[in-house]
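**Student:** 3D, please:
(one chain, ligands or ions: 2)
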Amino acid sequence: ADNTKTILRGRLLSFHRAPDHLEDTQAYQYETDGALLIEKGRILKRGRFSDVAALAPDAPIQDHRPHLILPGLIDTHIHFPQVQVIASWADQLLDWLNDYTFPAEQKFEDKAHGTRIAKGFYDALTAHGTTTAVAYCSSHPNSVDAYFEEAARRNMLMLGGKTMMDRNAPDALCDTAQSSYDDSKALIGKWHGTGRAYYVITPRFAITSTPAQLEAAGALLREHPQCHLQTHINENHNEIAFTKELYPDADDYLGVYESFGLLGKKTLLGHCIHMNDRELAVMKETGSVAVFCPTSNLFLGSGLYDKARLETHGVRTAIATDVGGGTSYSLLRTLDEGYKILQLQRQRMHPLTSFYWATRGNAEALGLEDRIGTLEEGTDADVIVLDAAATPEMALRMETAQSLAEELFLLQTLGDDRAIKQTYVSGVPQKRAG
Ligand code: GUN
Ligand code: ZN
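**Tutor:** Numbers count the residues shown, from 1 in each chain. Ligands and ions are numbered 1, 2, ... in the order given. Here you go, the predicted model:
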């Protein structure tokens, strides 16, 4: 046998663009008896099983029939130091931060704590079919090292960075404008482009940053335009009111970030729930991304993300779990809750759109669609196997599913980590067989 190669056999589904209507079969490629030929962590060939098998007759075959094979799911907003914050009984955002989140994040000064939590964090991601995530680490450089070291051990493409925060939080979590600049800069040098790591400049949000610190974040972005930047915006009414007090001269919340040069195509803005028209126009103009965090928005009672309004204004979008404000590591659970938030606003998301969003759509939001988010030849072999009959009740419902779209909707509505039969990272299976 040729053990340098692997063939995955199953039903292949991959998108080449966003579906724009219900039966937009041109938006994706669906191969009912398909296969991927994987070598050195890359997808070498994709096609019909018979064609692919003929190219590598000695390669071992992983037969995943009758399951679906999709690109690995991408989580565009998650908090690594909130593994022990998820499921905390709190009131709204600011109370939740003060009562649960800030205390938990303080523990990440200890490298050993970060290393232990990182193992559980990555186990959770891959169990739920997530192969790439964009994370906030804590304000301690140690947490960034723990985060990227464990990702490197698993060969995962991960994005993340040190949270910059210099006020309105416990002293043990606060850095300074200067130290946050210096630490971020050193971490960019250490991690950005090391293996599959991407550094993200990470000012937490306007409330926990002085103007001097946002200035430092802007300087970092100008000096390192290859890096992404992430922060939070317009999540909660009390948060917005406090921000207005702290930055009385800004046009609005987005105006704060705008004035420090933090916006652009690589900028990811978590939540974007309570946006005014001016903010939407600036989002569009700068190409910044509005990240939808459904389970978090429901859990913290933050509000309803208006996808149709954002898209009408030409704003780029992404979807994410936002664990620990979010309540599930699963992008399937996240799509389901997102569907319900949109349904409440009479915006019914089609299942093809959902699965596009969690794969190629999120990859496009990150500008990484040439590496991840599809099953295209030459891209990284981050791939999942989905079983729409994973539980007895799913199997009964699956008996009556008439189409691919129905199967996807069932996976979204009833699915969780049990529906993820296998997760391949750089071509290597992460789950135990069986
Ligand atoms: N705003 C500032 N920090 C956070 C955080 O950790 N989670 C959420 N959901 N919103 C935030
Ligand atoms: Zn968040």
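
**Student:** From Arg309, how far out is the closest residue to ligand 1 within the chain?
**Tutor:** The nearest approach of the chain to ligand 1 comes at Gly325, 3.3 Å away (CB to the nearest ligand atom). No exception for glycine: its C-beta is placed from N, CA and C like everyone else's. Gly325 sits 22 Å away from Arg309, taking CB to CB, to the nearest Å as the criterion.

**Student:** May I have the secondary structure class of the spatially most central residue of the chain?
**Tutor:** Residue closest to the mean C-alpha point of the chain, counted by CA atoms, centre = their mean, is Asp75 at 1.6 Å. Classification of Asp75 using DSSP: H, G, I helix; E, B strand; the rest coil returns strand.

**Student:** try Ile372
**Tutor:** Ile372 ends up coil, using three-state DSSP.

**Student:** my guess is it meets Thr130, correct?
**Tutor:** No - Ile372 is beyond contact range of Thr130, at 11.3 Å (criterion: CB atoms under 8 Å).

**Student:** shared neighbours of the two, anything?
**Tutor:** 72, 74 (CB atoms under 8 Å, 6 or more residues apart in numbering).

**Student:** who has more neighbours, the two?
**Tutor:** Taking neighbours as other CB atoms under 10 Å, Ile372 and Thr130 compare with Thr130 leading, 27 against 23.

**Student:** mind checking how far that one is from ligand 2?
**Tutor:** 16 Å (CB to the ion, to the nearest Å).

**Student:** give the contact list for that residue.
**Tutor:** Contacts of Thr130 (CB under 8 Å, 6+ apart): 72-75, 329, 331.

**Student:** name the element Ile7 belongs to?
**Tutor:** strand 5-15 (DSSP states H and E).

**Student:** for ligand 1, what are the nearby residues on this protein?
**Tutor:** 79, 93, 97, 101, 204-205, 232, 235, 296, 322, 325 (CB under 6 Å from any ligand atom).

**Student:** Among those residues, find me the one that's closest to ligand 2.
**Tutor:** Asp322 (4.6 Å; CB to the ion).

**Student:** Help me confirm that that closest one comes into contact with Leu298.
**Tutor:** No - counting by CB under 8 Å, Asp322 sits too far from Leu298 to count as a contact (10.7 Å).

**Student:** who's more crowded, the two?
**Tutor:** Asp322 (32 against 18).

**Student:** List the buried residues in the lengthiest helix in the chain.
**Tutor:** Ranked by residue count and defined by DSSP state H, the top helix of the chain is helix 111-127. By 16 or more other CB atoms under 10 Å, the buried positions in helix 111-127 come out as 113-115, 117-118, 121-122, 124-127.

**Student:** before we move on, what about stretch 79-96?
**Tutor:** Buried, per 16+ other CB under 10 Å, within stretch 79-96: 79-86, 90, 93-94, 96.

**Student:** Let's see which of these end up in helices.
**Tutor:** 93-94, 96.

**Student:** any weak-confidence spans in this structure?
**Tutor:** Low-confidence segments of the chain (pLDDT under 70): 433-434.

**Student:** what about 50?
**Tutor:** The chain contains residues with pLDDT under 50 at 434.

**Student:** Give me every residue in it lying close to ligand 2.
**Tutor:** 270, 322 (CB under 5 Å from the ion).

**Student:** Show me how the chain divides into domains.
**Tutor:** 5-72+373-429, 73-366 (automatic domain parsing).

**Student:** which of the ones you listed sits most buried?
**Tutor:** domain 73-366 (a mean of 21; mean count of other CB atoms under 10 Å).

**Student:** quick one: terminal-to-terminal distance for that domain?
**Tutor:** Start and end residues of domain 73-366 are separated by 13 Å (CA to CA, to the nearest Å).

**Student:** now stretch 48-61
**Tutor:** 14 Å.

**Student:** what's the offset of it from the middle of its chain?
**Tutor:** Centroid displacement of stretch 48-61 relative to its chain, using CA atoms, centre = their mean, to the nearest Å, is 33 Å.

**Student:** Report the contact partners of Leu386.
**Tutor:** Neighbours of Leu386 in contact, by CB under 8 Å, 6+ apart: 67-70, 129, 411, 415, 419-421.

**Student:** which of those sit farthest apart?
**Tutor:** Ile69 and Gly415 (15.2 Å; CB to CB).

**Student:** Any idea how far the longest helix of the chain is from the middle of the chain?
**Tutor:** On CA atoms, centre = their mean, the centre of helix 111-127 falls 16 Å from that of its chain.

**Student:** which secondary structure elements does it contact?
**Tutor:** Taking 3 or more CB pairs under 8 Å, 6 or more residues apart in numbering; DSSP states H and E as contact, the helices and strands that helix 111-127 lies on are helix 141-153, strand 420-425.

**Student:** From the rest of the structure, what touches it?
**Tutor:** In contact with helix 111-127 (CB under 8 Å, 6+ apart) are residues 75, 80-81, 83-84, 107-108, 131, 133, 138, 140, 142-143, 145-147, 149-151, 154, 156, 329, 417, 420, 423, 425, 430-431.

**Student:** if you set the cut-off to 7 Å instead, what comes out?
**Tutor:** With contact meaning CB atoms under 7 Å, 6 or more residues apart in numbering, helix 111-127 is reached by 80, 83, 107-108, 133, 142-143, 145-147, 150-151, 154, 156, 329, 417, 420, 423, 425, 430-431.

**Student:** swap in stretch 204-214?
**Tutor:** By CB under 7 Å, 6+ apart, stretch 204-214 touches 163-169, 177, 180, 203, 231-232, 239, 242-243, 246-247, 253, 256, 260, 262.

**Student:** what about it, start to end distance?
**Tutor:** 10 Å.

**Student:** which residues in the stretch 251-400 of the chain form helices?
**Tutor:** Per DSSP state H, counting those that start in this stretch, the stretch 251-400 of the chain carries helices over the ranges 253-259, 277-286, 294-299, 307-312, 331-344, 351-356, 362-366, 392-398.

**Student:** starting at the chain centroid, how far to the fourth one?
**Tutor:** Going back to what we said before, that points to helix 307-312. 20 Å.
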